[in-house]
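Q: Only the shape, not the letters, is given here:
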Ligand code: FES
Ligand SMILES: [Fe+2]
């Protein structure tokens, strides 16, 4: 096809970028092992010693709240002979329980020879080695993973020495969402979806409304603006208006929940959305937010952790019920995952070398721009 016949459409990434193990390895090396990515919420670890073990594109990481309240992250590997320190799966497989991982809320202990580390990663003790001449404990801290927080979200970088500036990418979302009390919000419900689609397809789908009229009839009934020209004219700065009488993402566009404190009059009736590369899709209404954290599992598989966030004052009420928002979102989500899986299987056709972005899908092109910006592994 000549470029003239494209009608101004840009080519998408090559189909192989969504399909092959090589392309997935490249994404891991160039993006998930190098760039900042979202790893959940601070609220998941409220007290010192609270921790999570994350599998990030094949790397196991301990994320832990330290004694002084800061969050630390380390590769889950002992500096001695390389044992994985936190590994409940191996223990369960053999029917044993080793004294390991974060113990006593104060230290991380390797089960193999008993090296122990402070929550901030410093080596505290190495049995029998303490008095060895020339053994410098300071040289044997855990391999660090860099940590930053924004709006209550935790972001990690697996290459701390070369990590790009964290604040640059978040400057614009911070400005657009300045009135929303993001850090205060609490997760009332989480739904995990395992979707048989490449993580990049899911981001591309989030970035366009071209598909909304056909795929999301319930959503477009609440937000008719999504039906107009693929949403290309939408003003994401000011927020997206709903139909007359509607102001949030629920079945009827209303809710008993109060709007977040601090919102402008416009923000009380509009909706905003952000895509924070590479793996946080974030959508805020006046009374709740939906945060989608993507965990790439394989070229054709992505775990999507979908959290529904509310103001703590609302959650504390005896009659708090998030289902008006959660059930509505769940339907819209499942519609999205279904089309993403169709694309994943469709692009495997031997005749499909790449797709196209219609001019009204310009934002989906961002994935191509982002991949280019991240450079080669
Ligand atoms: S491998 Fe961890 S103490 Fe030996
Ligand atoms: Fe959608």
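A: The structure has been received and is ready for your questions. Just so we're clear, the structure is a prediction, and the values are computed from it rather than from any experiment. Ligands and ions are numbered 1, 2, ... in the order given.

Q: Ligand 1 contacts on the stretch 1-150 of the chain?
A: Contact residues, the stretch 1-150 of the chain versus ligand 1 (CB under 6 Å from any ligand atom): 78, 80-81, 83, 110, 112-115. The C-beta positions use only the backbone N, C-alpha and C, and glycine is treated the same way.

Q: Pull out the buried members of these.
A: Buried members of those, scored by 16 or more other CB atoms under 10 Å, are 78, 83, 110, 115.

Q: Farthest pair within those residues?
A: 83 and 115 (9.0 Å; CB to CB).

Q: which residues does the closest residue to residue 253 other than its chain neighbours contact?
A: Spatially, and ignoring its direct neighbours in sequence, residue 253 is nearest to residue 246 (2.4 Å; CB to CB, 6 or more residues apart in numbering). Shown in contact with residue 246 (CB atoms under 8 Å, 6 or more residues apart in numbering): 222-223, 252-254.

Q: For this protein, just list every one of the helices.
A: 16-19, 21-27, 88-93, 166-176, 199-206, 212-215, 217-222, 312-315, 323-346, 366-374 (DSSP state H).

Q: So for the last one, what gets flagged as buried?
A: Pointing back at helix 366-374 there. 366-368, 370-371, 374.

Q: residues in contact with that helix?
A: 10, 12-13, 17, 30-31, 34-35, 200, 203-204, 207, 275, 277-278.

Q: which of those residues are buried?
A: 12-13, 17, 30-31, 34-35, 200, 203-204, 207, 275, 277-278.

Q: gap between the residue lying closest to residue 68 once chain neighbours are set aside and ligand 1?
A: Excluding the flanking residues, the one nearest residue 68 by CB to CB, 6+ apart is residue 48, at 8.0 Å. From residue 48 across to ligand 1, the span is 23 Å (CB to the nearest ligand atom, to the nearest Å).

Q: from the helices of the chain, which stretch is densest packed?
A: helix 199-206 (a mean of 24; mean count of other CB atoms under 10 Å).

Q: which other helices and strands contact it?
A: helix 16-19, strand 270-276, strand 280-284, strand 288-298, strand 301-310, helix 323-346, helix 366-374 (3 or more CB pairs under 8 Å, 6 or more residues apart in numbering; DSSP states H and E).

Q: so what's the closest residue to ligand 1 within the stretch 151-300 of the chain closest to, chain neighbours aside?
A: Nearest residue of the stretch 151-300 of the chain to ligand 1, counting by CB to the nearest ligand atom: residue 158, 20.6 Å away. Spatial nearest neighbour of residue 158, excluding adjacent residues (CB to CB, 6+ apart): residue 33 at 4.9 Å.

Q: what does the stretch 151-300 of the chain have sitting close to ligand 1?
A: Close to ligand 1, as judged by CB under 6 Å from any ligand atom, the stretch 151-300 of the chain has no residues.

Q: How about the contacts made by the closest residue to residue 356 other than its chain neighbours?
A: When the adjacent residues along the chain are set aside, residue 356 lies closest to residue 9, with 4.0 Å between them (CB to CB, 6+ apart). Contact analysis of residue 9 by CB under 8 Å, 6+ apart lists 356-359.

Q: One more pass at 10 Å, please.
A: 1, 3, 355-361, 365 (CB atoms under 10 Å, 6 or more residues apart in numbering).

Q: can you check residue 183 too?
A: Per CB under 10 Å, 6+ apart, neighbours of residue 183: 41-43, 149-153.

Q: Looking at those, point me to the pair that's furthest apart.
A: 43 and 150 (13.6 Å).

Q: Neighbour count: those two, which is higher?
A: Neighbours per residue (other CB atoms under 10 Å) separate residue 43 from residue 150, with residue 150 holding more: 21 against 18.

Q: Skipping its backbone neighbours, what lies nearest that one in space?
A: Here the residue nearest residue 150, using CB to CB, 6+ apart, is residue 170, at 5.3 Å.

Q: just checking, the one you found touches residue 276?
A: Yes - under the criterion of CB atoms under 10 Å, residue 170 makes contact with residue 276 at 6.9 Å.

Q: where do the contact lists of those two overlap?
A: Joint contacts of residue 170 and residue 276 (CB under 10 Å, 6+ apart) are 36, 150-151, 153, 155.

Q: Closest to residue 308 out of those residues?
A: residue 153 (14.4 Å).

Q: Isn't the closest one up against residue 292?
A: No - assessed by CB under 10 Å, residue 153 is found out of contact with residue 292, at 11.7 Å.

Q: Give me the common contacts of these two.
A: With CB under 10 Å, 6+ apart, residue 153 and residue 292 have common neighbours 38, 280, 282, 307.

Q: Is it correct that the first one is in contact with residue 304?
A: No - at 11.9 Å, residue 38 does not count as touching residue 304 under the criterion of CB under 10 Å.
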